[in-house]
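1. okay, sequence plus prediction incoming.
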Amino acid sequence: MPHTHRMNVQHPFILILVRHGMTEWSASGRHTGLSDIPLTPEGRLQAEQAGIALQALLQGERVSLYASPLSRAMTTAALLDIGEATPLPDAHEWDYGSYEGRTTREIQQDEPGWNIWKGGVPDGETIDDVGLRADRVIDAIRQGSSPAVLVAHGHFLRILASRWVGQHPEVGQHLALETASISTLGYERDVPAILVWNSTSHLDHS
């Protein structure tokens, strides 16, 4: 369960991030952008475990629930069992273009030393494109009057967290994020801050 000692979930600008549960492609390290890959049975269990942790954290507090429109995120949101999710079209994963479905190791065989954070993807989105989408999602969520939960994707959420604290999207390369992890963005006084990151203590790692 995520640490709560510095969280006030009643603050209207608390944003809790949940990465979707495991898919076959995420388990094998394949870049999964716009391909609509479903959760594995383990991924569904992860989502349920994340939901139990969130329910304990929220203690009945009303939140707005948002999700990427891709099915792996919408299914995860439903399995959290904290309300009906509103899809946010801008919250989809990075469009990996020609590198969709390929692992980093496979790509590096053709392009030695390649790193998505610096090398980009042919026929897909630039990192700045994803950053602009993240900015729009943050702006949309900040219009609300209650804390929010957003279920989305690994690279997208790492970039969103970078943008929350006013940093370039490339900073997301330093923010590892596991499937079904829970993170919290908020404020330290009036300064945007990452309060909790990549909490997975609620998951069964056996």
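-> Thanks, I have the structure now.

2. going along the chain, name the strands of this structure.
-> 15-19, 64-67, 86-87, 148-152, 182-188, 191-199 (DSSP state E).

3. mind putting those into TSV with distance to D123?
-> From N, CA and C alone the C-beta is placed, and that goes for glycine too. What follows is the strands of the chain, written out as TSV (distance: least, Cβ to Cβ, whole Å):
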stretch	distance to D123
strand 15-19	25
strand 64-67	26
strand 86-87	25
strand 148-152	22
strand 182-188	30
strand 191-199	30
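
4. W25 against T103, yeah?
-> No. With contact taken as Cβ atoms under 8 Å, W25 and T103 are classed as non-touching, separated by 9.4 Å.

5. overlap in contacts, these two.
-> Here W25 and T103 have H31 as joint contacts, going by Cβ atoms under 8 Å, 6 or more residues apart in numbering.

6. pick out whichever of these two has more residues nearby.
-> Of the pair W25 and T103, W25 is the one with more neighbours under other Cβ atoms under 10 Å, namely 18 against 14.

7. could you count how many residues lie near the nearest residue to the more buried one once chain neighbours are set aside?
-> Leaving aside its chain neighbours, W25 sits nearest to T32 (4.3 Å; criterion: Cβ to Cβ, 6 or more residues apart in numbering). By the criterion of other Cβ under 10 Å, T32 has 24 neighbours.

8. contacts for the longest helix that the chain contains, please.
-> Criterion DSSP state H: the longest helix present in the chain is helix 41-58. With Cβ under 8 Å, 6+ apart as the test, helix 41-58 has contacts from 1-2, 4, 7, 9, 16, 18, 20-23, 26, 39, 72, 75-76, 79-82, 149, 179-182, 202-204.

9. generate a ChimeraX selection restricted to the buried entries among those.
-> Selection of the buried residues among the contacts of helix 41-58 in ChimeraX, burial being defined by 16 or more other Cβ atoms under 10 Å:
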select :2,7,9,16,18,20,21,22,23,26,39,72,75,76,79,80,82,149,179,180,181,182,202,203
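
10. fine by me, we can end here.
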